[in-house]
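> Quick one, structure for this:
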Amino acid sequence: MFEPKSNAVSEVLKWLGESGVHQSHVKFSYAGDHLLLDLSVREATLLLETTFHHQTHQETGQEQIACQHYYIPESLAESIDYILAVSPAPTSTDCPQSSTVPPPPVPTHKQIPRQQIVLNDEVTASAPLPPNCFVQTTLACLRNLYKISNDVLPHPNNSFGVFEPAWISWLPEDLDEFFTHQQKNLVGHRPKVSAVNGGYLQRNCTGKVWNQEPNLDFEYTMALTSPQEVTNVQVGSYEQVGNLNDMLAAFDQYYCDPIDSRHKKYPESYPPGCNATTCDCGSSSPPKVLSISWGWTEAGFTSNYLQRQCLEFLKLGLMGTTVVVSVSDHGTASGGGAFCIDDIEGNGTGGRFSPTFPSSCPWVTSVGGTQMLQPTNLQIPTATTNETAFRKFVSNQTASSGGGFSNVFLAPPYQIPNVAVYKDIERSHLDRIQDRFSSTGRGYPDVAARADDYWIVTNGTWKTVSGTSASNPVFASIITLINSERMHAGKGPVGFINPVLYSNPDMLNDIVTGANQGCGIDPAFRATHGWDAVTGLGSPDYERMRRLFMSLP
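As a prediction, this is how the structure comes out:
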């Protein structure tokens, strides 16, 4: 269903030949749906009638070669999705001395990992005391708040994976310290590692940038789904940090870069940084649930590039995989910093709203953040009375749940009625900021979960962290438990769940207070009854979700 039309390759090759590109400069992917051209910048300039520029990323210092526009014959418009400039991959030599230095760089045509903000709030030398669930989050708080069962037996055919790029590594001693106090039966247990393109797990570099995200991911996913085995989908090598493209290529051989059997005969034809053991093409089976607590700026890529990658998430849904993605913590901005489109000052305080990808892809389930309102006369927090949109001021900046509308993807049919109701309720407010977002875009997030003050162990220390990086693995864990229950009943995994969620919003806890902010707008998108562009349809209720999904075929 997804392969190129039969004459696409021959038509492109004909054009290249007529333009003076010899066939020896063209390499094919597994299915012939990617072509790699070995050209000089001058030759590419002439072929595409454009001008290439050197670009340097202000935050990371990464350099790349790129052009703003290029031209191809109109007759090939239906044959070519996108063209990217690819530079040789730089390599790393040592562990950087500063924990604030990002992992080694990646090829410029790949996605550079952009971690969600995870805010350090408190540090203590020992395990947390019995929790006050209004002001901190533990396993017990989550199980009580979302009615999560702790006695679901894993089904042997069930699987749960968490994406991490190379160099970003959990620490065994941190897992054991967390489990000793929170889930004793898991002491000594480790994630199963599924290595893609090397799957480099390092133990030499310690600090927030290296260990905090994976420690958070695996401490909570392993505990919430225990004794379900959790897989660490570790992507990339020492020399080349992995990304979503690499992972998707490992799941789907037809999405691969030009890496095929001919490389075994001609090793020199491998892309930079790859060899016979580090470039995987269709080598891995996707898990039944895939958690991705990473995000990128939608505006950083061409729309065709994003559309093509988004189709891979659609394929995973059709194969029975639920892809769960966090929305970031910059509100209506995105990226490693608070990036806004056409921000003249460049400081995140102006410009149009900048959506986050892949949470803006219609074929994933994107997860926003909530936090607890302070109690009045209530002693035990409940989701229906005490959750509000995530918003936290730390270190002279405000973090709030990502949310909004895509500039690339149209609203999918399954959410059009819900989005229409939201826009009608919020009409007067949205009319005032209508020039900041796309009125026809896919709305996100789809759901939300608690994002504030999670107790974790990282680098031997207990601390609290916040952000939708925490919300995401919680929701993914709940779907994993439901999958096991369905499988024990002789049913299949739930797969792509969004149409069911939007058709049955009552199985979630509707969040009706709070708002996000960003790009100089505060409030930006406000929570309200029904779906909204900051908490989605609401937070999970395991019992109601289980009943609904168990009732389906």
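> got any ranges where this protein has weak pLDDT?
By pLDDT under 70, the low-scoring segments of the chain are 29-33, 57-60, 87-129, 257-279, 336-337, 375-385, 395.
> Which residue ranges of it form helices?
8-18, 41-48, 139-146, 172-182, 213-225, 244-251, 262-265, 303-318, 383-386, 416-425, 427-432, 468-488, 498-503, 542-551 (DSSP state H).
> For Arg203, find the nearest of these.
Closest to Arg203 of these, according to Cβ to Cβ: helix 172-182, at 8.4 Å. Yep, even glycine has a C-beta here, placed from its N, CA and C like the rest.
> So for that closest one, what gets flagged as buried?
Buried residues in helix 172-182, counted by 16 or more other Cβ atoms under 10 Å: Asp174, Leu175, Glu177, Phe178, Phe179, Gln182.
> Also stretch 464-484?
Going by neighbour count (16+ other Cβ under 10 Å), the buried part of stretch 464-484 is 464-484.
> shouldn't Trp455 be in contact with Gln136?
Yes. The criterion here is Cβ atoms under 8 Å, and Trp455 meets it with Gln136 at 6.2 Å.
> Of these two, which one has the most company?
Between Trp455 and Gln136, Trp455 has the larger neighbour count (other Cβ atoms under 10 Å), namely 23 against 18.
> quick one: the more buried one and Ser303, what's the gap?
According to Cβ to Cβ, to the nearest Å, Trp455 stands 41 Å off from Ser303.
> can you check Glu485 too?
Taking Cβ to Cβ, one finds Glu485 at 39 Å from Ser303.
> Equivalent analysis for Pro130, please.
For Pro130, the distance to Ser303 - Cβ to Cβ - is 51 Å.
> What of Val421?
28 Å.
> swap in His330?
Taken as Cβ to Cβ, the span from His330 to Ser303 is 21 Å.
> Which of the two has more residues huddled nearby?
Higher neighbour count among His330 and Ser303: His330, with 30 against 14, using other Cβ under 10 Å.
> Please name the nearest non-neighbouring residue to that one.
By the measure of Cβ to Cβ, 6 or more residues apart in numbering, the closest residue to His330 outside its immediate chain neighbours is Ala338, 4.9 Å from it.
> Return the residues in contact with Ser334.
Going by Cβ atoms under 8 Å, 6 or more residues apart in numbering, Ser334 touches Gly295, Trp296, Thr297, Glu298, Ala299, Ser328, Ser354, Pro355, Thr356, Gly402.
> what about the residue nearest to His330, neighbour count?
By other Cβ under 10 Å, neighbour count at Ala338 equals 23.
> I figured it hits Ser328, correct?
No. Ala338 is beyond contact range of Ser328, at 9.9 Å (criterion: Cβ under 8 Å).
> residues near Gln62, how many?
Using other Cβ under 10 Å, Gln62 has 15 neighbouring residues.
> If you could redo that for Asn347, that was the one I meant.
12.
> what does Gln64 give?
With other Cβ under 10 Å as criterion, Gln64 counts 19.
> That one bridge partners, please.
Taking DSSP bridges as the rule, Gln64 bridges to Gln55.
> What spatial separation is found between it and Phe52?
Taking Cβ to Cβ as the measure, Gln64 falls 10 Å from Phe52.
> Overlap of the contact sets of the two?
Ala85.
> mind listing the strands in the stretch 201-350 of the chain by residue range?
230-235, 289-292, 296-297, 322-326 (DSSP state E, counting those that start in this stretch).
> which strands and helices sit next to the shortest one?
Using 3 or more Cβ pairs under 8 Å, 6 or more residues apart in numbering; DSSP states H and E as the contact criterion, the elements in contact with strand 296-297 are strand 356-357.
> The longest one too?
The contact analysis (3+ Cβ pairs under 8 Å, 6+ apart) places strand 230-235 against strand 160-165, strand 192-196, helix 213-225, helix 244-251.
> Compare the ones you listed and report which one is nearest to Gln374.
Of all the helices and strands packed on strand 230-235, helix 213-225 comes closest under Cβ to Cβ, at 23.9 Å.
> Report the angle between the closest one and strand 160-165.
Helix 213-225 runs at 180 degrees relative to strand 160-165, counting by axes from the mean of the first three to the mean of the last three Cα atoms, to 10 degrees.
> could you give the angle of helix 213-225 to helix 468-488?
Here helix 213-225 points in a direction 30 degrees away from that of helix 468-488 (the same axes, to 10 degrees).
> Which strands and helices lie in contact with helix 213-225?
Using 3+ Cβ pairs under 8 Å, 6+ apart: helix 213-225 touches helix 139-146, strand 160-165, helix 172-182, strand 230-235, strand 454-458, helix 468-488.
> Could you dump the ones you listed into a markdown table and include distance to Val512?
Formatted as a markdown table, the helices and strands packed on helix 213-225 follow (distance: least, Cβ to Cβ, whole Å):
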| stretch | distance to Val512 |
| --- | --- |
| helix 139-146 | 17 |
| strand 160-165 | 31 |
| helix 172-182 | 31 |
| strand 230-235 | 33 |
| strand 454-458 | 24 |
| helix 468-488 | 18 |
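> between these, which gets nearest to Asn211?
Per Cβ to Cβ, nearest to Asn211 of the helices and strands packed on helix 213-225: strand 454-458, 5.4 Å.
> For Asn197, find the nearest of the helices of the chain.
Asn197 sits nearest to helix 244-251 of all the helices of the chain, at 5.1 Å, using Cβ to Cβ.
> which helices and strands sit right next to the closest one?
strand 192-196, strand 230-235, helix 303-318.
> Would you mind finding the most buried of these?
strand 230-235 (a mean of 26; mean count of other Cβ atoms under 10 Å).
> That strand to strand 160-165, inter-axis angle?
Between strand 230-235 and strand 160-165, the angle comes out at 30 degrees (the same axes, to 10 degrees).
> so who does the spatially closest residue to Gln397 that is not a sequence neighbour touch?
Using Cβ to Cβ, 6+ apart and skipping residues adjacent in sequence, the residue nearest Gln397 is Ala338, 7.8 Å away. When contacts are counted by Cβ under 8 Å, 6+ apart, Ala338 touches His330, Asn347, Gly348, Gln397, Gly518, Cys519.
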